[in-house]
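Visitor: Below is the sequence, then the predicted model.
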Amino acid sequence: MDVDWGLFWSSLWPITRAGLLGTIPLALISFALGLLIALAVALMRISGNRVLAGAARAYVSVIRGTPLLVQLFVIFYGLPSVGLVIDPWPSAIIAFSLNVGGYAAEVIRASILSVPKGQWEAGHTIGMSRGKTLQRIILPQAARVSVPPLSNTFISLVKDTSLASLILVTELFRKAQEIAAFSQEFMLLYLEAALVYWVFCLVLSSGQSHLERRLGRHVAH
Amino acid sequence: MSPTDPTPPRSGDDGRGASGGRVLTVSGLRKSFGGNQVLKSIDLAVDQGQVLTLIGPSGSGKTTVLRCLNGLEVPDAGTVAFRGGPTVDFGGQVKRRQLMALRDRSAMVFQHYNLFPHMTVLQNIIEGPVQVQKRPKAEVVHEAEELLARMGLAGKRNDYPAQLSGGQQQRVGIVRALALRPSLLLFDEPTSALDPELVGEVLTAIKELAEEGWTMVMVTHELAFAREVASEVVFMDGGVVVERGHPDVVLRNPRQERTRQFVHRLLNPF
């Protein structure tokens, strides 16, 4: 197979650019919103309130039990039939946020529960309320525990954003598809897209180790 | 520690000074976990400057008493009254606000220290005074540094708990409690988790606080310490107070057979 290196180099920047302007912002925004949802859901589950805990469990179950692609299609292609038309970008962000929320909720819940009970008591004994203890004492410790699993969630999300190409969001993979369709060089362009995803994920992984070191600086070596 | 203490007491009513007067009155305290009645009507009274030690076999309920005083457990019945503070009757509906008020009066030193691992020594100490009591940070830091120096921890303010020995961690735990300026210090087996050679430094620190006039209630198995420092020893077994009195009586010439057996077992383990 002859490799068309000219096409490779000329398409590298358009694909990378679509990644930087599409894939990365989509992943970052969805992850940030997803974490907020996840924290709320995790707190609902450990609240001791049956109704809240039940609702949280149902949400996690539905999100984890249905394909992301189906969730995306329900929001973008399904909702218009009940009169709710959402643009591609917001649709993608809603779907990905809800998805991250479902997966990360379990991670955050487990991280909170991994902090010893004595830490709650120490917070209470210095006069803190439950909310304050959670915020100042428990969550900072839970954060450290949750970085590796949440990094997994994030890296999965970065790759899953390629699904947004199917609801017309111009991101990395859609750009590669466009160039491939035009040039008919499918193998080259899809491998090129894979390479760019891989480089993105390498950079993000190094960010993870940095964050782990920072949050773990109190651990004796 | 010097008897002239630079720390101004909060509203003239913290845990020091032998001016007398009752600091804490507990009556009819009951607590069950499931079907297991851990406390069967406990009465206690602690005067200003007094050191009350709770001794007894494990499962006797002594730690539960301490935790009830600090609002970490909610008793089923009974009243807890602090001088100048809340009187909480647990017979009725108890609001969270009342538990918080109870906690305000006392500070707990835990068996396993329970320091905040993500904070430095100094941050551990000033967290409560700054975040909860809303006192000026500069003042609290100054006070914390003096307390650390007096506990022999002067160079440790920026260390994390994991970098300290058990004895140092527990002394930080004590400073964290002192910094809250409580009316009453609660110690829950403060030396039980320590290596034997580190027990002495923590007991010495507590003894100095007692000599300085802090009012305290301590659950302990250190009978030698109780004999030397306690103003009153309370022996509990099976959720009731079996015997109480001056350490010379309770620990040397107990009137109750159960007390005698317990003391004997502790002094002659095999």
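Guide: In hand now; what should we look at?

Visitor: so how many other residues sit close to the residue of chain A found nearest chain B?
Guide: Nearest residue of chain A to chain B: residue A:126, at 3.2 Å (CB to the nearest CB). (Each C-beta comes from the backbone N, C-alpha and C, glycine too.) Neighbourhood size, residue A:126 [other CB atoms under 10 Å in any protein chain shown]: 27.

Visitor: what does residue B:60 give?
Guide: Neighbours of residue B:60 (other CB under 10 Å): 23.

Visitor: Surely it touches residue B:238?
Guide: Yes - the criterion here is CB atoms under 8 Å, and residue B:60 meets it with residue B:238 at 6.4 Å.

Visitor: show me what contacts residue B:174?
Guide: Under the criterion of CB atoms under 8 Å, 6 or more residues apart in numbering or on different chains, the neighbours of residue B:174 are B:109, B:151, B:190, B:202, B:205, B:206, B:209.

Visitor: mind showing which ranges of chain A have poor pLDDT?
Guide: Applying pLDDT under 70 to chain A flags residues A:1, A:219-221.

Visitor: re the thing from before, so which of the contacts of residue B:174 is the closest to chain A?
Guide: So of those, ranked by how close each gets to chain A (CB to the nearest CB), first place is residue B:109, at 9.0 Å.

Visitor: pLDDT wise, what is the closest one at?
Guide: Residue B:109 is assigned 96 on the pLDDT scale.

Visitor: How about it: which residues does it bridge to?
Guide: Note on residue B:109: beta-bridge partners by DSSP bridges are residue B:187.

Visitor: quick revisit: in strands, which of the contacts of residue B:174 appear?
Guide: residue B:109 (DSSP state E).

Visitor: wouldn't residue B:24 be in contact with residue B:85 here?
Guide: No - judged on CB under 8 Å, residue B:24 makes no contact with residue B:85 at a distance of 9.1 Å.

Visitor: contacting residues around the helix or strand where residue B:32 lies?
Guide: Per DSSP states H and E: residue B:32 is located in strand B:22-33. Under the contact criterion CB under 8 Å, 6+ apart, strand B:22-33 has outside partners B:15, B:37-48, B:50, B:61, B:64-65, B:68-69, B:73, B:75-83, B:90, B:183-184, B:215, B:217.

Visitor: Go again with 6 Å.
Guide: If you take CB atoms under 6 Å, 6 or more residues apart in numbering or on different chains as the criterion, strand B:22-33 is touched by B:38-39, B:41-48, B:64, B:75-83, B:183-184, B:215.

Visitor: Any idea how many residues pack against residue A:185?
Guide: 18.

Visitor: Give me every residue in the stretch 151-270 of chain B lying close to chain A.
Guide: B:160, B:162, B:163 (CB under 6 Å from any CB of the partner chain).

Visitor: Put the alpha carbons of the lowest-mean-pLDDT helix or strand in chain B into PDB.
Guide: Least confident element among the helices and strands of chain B, by mean pLDDT, DSSP states H and E: helix B:96-105 (a mean of 86). Only the C-alpha atoms of helix B:96-105 are listed here, as PDB (Å, rounded to 0.1, in the frame of the first residue of the first chain):
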ATOM      1  CA  ARG B  96     -29.200  19.000  65.700                       C
ATOM      2  CA  ARG B  97     -28.600  22.500  67.000                       C
ATOM      3  CA  GLN B  98     -28.600  21.200  70.600                       C
ATOM      4  CA  LEU B  99     -26.000  18.600  69.700                       C
ATOM      5  CA  MET B 100     -23.800  21.300  68.100                       C
ATOM      6  CA  ALA B 101     -24.100  23.400  71.300                       C
ATOM      7  CA  LEU B 102     -23.100  20.400  73.400                       C
ATOM      8  CA  ARG B 103     -20.000  19.800  71.200                       C
ATOM      9  CA  ASP B 104     -19.100  23.400  71.600                       C
ATOM     10  CA  ARG B 105     -18.400  22.900  75.300                       C
END
